[in-house]
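Novice: here you go, sequence then predicted model.
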Amino acid sequence: MASMGRMALSAMALPIIVPVQYYVDRMTLAICLGPHEIQPDSVDGTIVALSVDEIHEVSGSGWAVHVQGALRTPQTDVPPRDCGQPAAGQVVHLEPGTIAGYGFKLCPFTPGF
């Protein structure tokens, strides 16, 4: 099962948030960067944050999960995951350091506010 999320990282000393596709593989996340790329020599040990959420449009309730951890290059003796499509681009692994999740309810929208 593949899911979408947003990964926050530093690119050329500036913060950036990119949409990514990810797969959960035991205690590691395989992240497909799509058109984005991290220089291979900058992957190992880079600390990033991944955010995933879902909001029910009718009820306005939802949940969010945030993961912080270190990226690493997939091991060469393991076949690389292509995230199921040729356009997946670079694949990196995220080893979670912290995981936090919570449920929430959206504030009611007030026109003219």
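Specialist: Happy to help now that I have it.

Novice: for the longest strand along the chain, packing partners?
Specialist: Across the chain, the longest stretch assigned as strand under DSSP state E is strand 91-105. On a contact count with 3 or more C-beta pairs under 8 Å, 6 or more residues apart in numbering; DSSP states H and E, strand 91-105 meets strand 28-32, strand 47-55, strand 61-72. Placement of C-beta: from N, CA and C, glycine included.

Novice: tell me how many other residues crowd Ala11.
Specialist: Neighbour count of Ala11, defined by other C-beta atoms under 10 Å: 13.

Novice: ok, how many other residues are close to the closest residue to it other than its chain neighbours?
Specialist: Residue nearest to Ala11 in three dimensions, not counting chain neighbours: Ile38, with 7.8 Å by C-beta to C-beta, 6 or more residues apart in numbering. Using other C-beta under 10 Å, Ile38 is surrounded by 20 other residues.

Novice: how about Ile38, phi and psi?
Specialist: Here is the backbone geometry of Ile38 (degrees, to the nearest 10): phi -110, psi 130.

Novice: so what pLDDT did it get?
Specialist: Per-residue confidence (pLDDT) for Ile38: 77.
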